[in-house]
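3D model of this:
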Amino acid sequence: MKILLTGSTGQVGYELARSLQGLGEVVAVDRNVMDLSNLDQVRDVIRTVRPQLIVNPAAYTAVDKAESEPELAYRVNAEAPGLMAQEAKLLGAAMVHYSTDYVFDGSDPSPRGEDDATGPLNVYGASKLAGEQAIAAAGIDHLIFRTSWVYGMRGKNFLLTMMRLAKEREELKVVADQHGAPTWSRTIADTTALVLAQAQAQTLAGADWWRQNSGVYHLSAQGQTTWFEFTQAIVEAAGLSCRVLPIGSAEYPTPARRPQYSVMSSERLVSRFCHLPDWKRALHLCMG
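Next up is the predicted model:
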């Protein structure tokens, strides 16, 4: 199987480049080769590579900046995935795509299921939801993994920012009224590979796996926390002495509104495919 992997130098893409080995020939491209803001380039790369599977972790992820760059956010997060899906249909290829907990408005303080009503509060969430819809509309075999609060030991993310600030400052004030599930980029990549290995094995055995399993799945660490508690865990795991103090969202205004409660239920994925780790366990593995 030939696999086209986008965003190969990003947090999730870097991990996928490792996790997908053994499933086929992985053609990993970064932004220099396939810039999702350049739709002609996206089309040309897919037609040149002619993959049987497109795995697309590449995205516009600057949540606050998206409020002032909505056209760019939609081009990268909605138009480009939609184009990928159209090209995949022409090739008879399948597609794996990643979305976000920010497709929900966070008004209901209970874990959201895949079929629950969406209602993004910001441009980023709206653009990611539009990408989901464009892929589904193409009518191809696909998996859309919604994940949340992604972090890892490379790139730009909350974990690395808090580690840096905790070394520089004696005190950090962190929002304590937004709830979610921090998810390690390697968890996302390894889970994707496990699911695709099942797909490959069952397809070879004659099962119509993609027809039976295509759709949206929530892929985030188990349990829930706040940005404040997440920071406390990071500081403790790093052995730093910085004090962490809780504040409300109103005390830390941002251009983009965030959902107060964006915890998602991963029961559908776990029941069909594989276990997901608790967020604290994954954090210690990441920082270990």
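
what's T191 in contact with, if anything?
Neighbour list for T191: F145, L219, L269, F273, C274, L276 [criterion: Cβ atoms under 8 Å, 6 or more residues apart in numbering]. The way it works is simple: take the backbone N, C-alpha and C, and place the C-beta from them, glycine included.

isn't the fifth one right up against L196?
No: with contact taken as Cβ atoms under 8 Å, C274 and L196 are classed as non-touching, separated by 11.3 Å.

about what we covered before: which of the contacts of T191 are buried?
Among the contacts of T191, the ones that count as buried by 16 or more other Cβ atoms under 10 Å are F145, L219, L269, F273, L276.

Run through the strands of this protein in chain order.
Ranges of strands in the chain, per DSSP state E, are 2-5, 25-28, 53-56, 94-100, 142-147, 150-151, 171-175, 179-180, 183-184, 215-218, 225-226, 243-247.

partners of the longest one in the sheet?
Strand 94-100 pairs in its sheet with strand 53-56 (parallel), strand 142-147 (parallel), by DSSP bridges.

Make CSV from the contacts of T191 and add distance to P109 and pLDDT to it.
Shown next, in CSV, are those (distance: Cβ to Cβ, whole Å; pLDDT from 0 to 100):
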residue, distance to P109, pLDDT
F145, 23, 98
L219, 21, 98
L269, 22, 98
F273, 27, 96
C274, 27, 94
L276, 21, 97
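
Could you work out the most separated pair of those residues?
The most widely separated members of those, counting by Cβ to Cβ, are F145 and C274 (12.4 Å).

can you list the residues that contact stretch 19-33?
Residues outside stretch 19-33 that contact it (Cβ under 8 Å, 6+ apart): 1-9, 13, 17, 45, 49, 51-53, 55, 58, 186, 189-190, 192-193, 196-197, 200.

buried stuff in it?
By 16+ other Cβ under 10 Å, the buried positions in stretch 19-33 come out as S19, L20, L23, V26, V27, A28, V29, D30, R31.

CA atoms of it as CSV?
Only the C-alpha atoms of stretch 19-33 are listed here, as CSV (Å, rounded to 0.1, in the frame of the first residue of the first chain):
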residue,chain,number,x,y,z
SER,A,19,4.1,4.7,13.4
LEU,A,20,3.0,4.0,9.8
GLN,A,21,6.2,2.1,8.9
GLY,A,22,5.4,-1.5,8.1
LEU,A,23,1.9,-0.7,6.8
GLY,A,24,3.2,0.1,3.3
GLU,A,25,5.4,2.6,1.4
VAL,A,26,5.1,5.9,3.2
VAL,A,27,5.6,9.0,1.1
ALA,A,28,6.0,11.7,3.7
VAL,A,29,5.8,15.3,2.6
ASP,A,30,6.1,18.5,4.6
ARG,A,31,4.9,22.1,3.9
ASN,A,32,7.8,22.7,1.5
VAL,A,33,6.6,20.0,-0.8
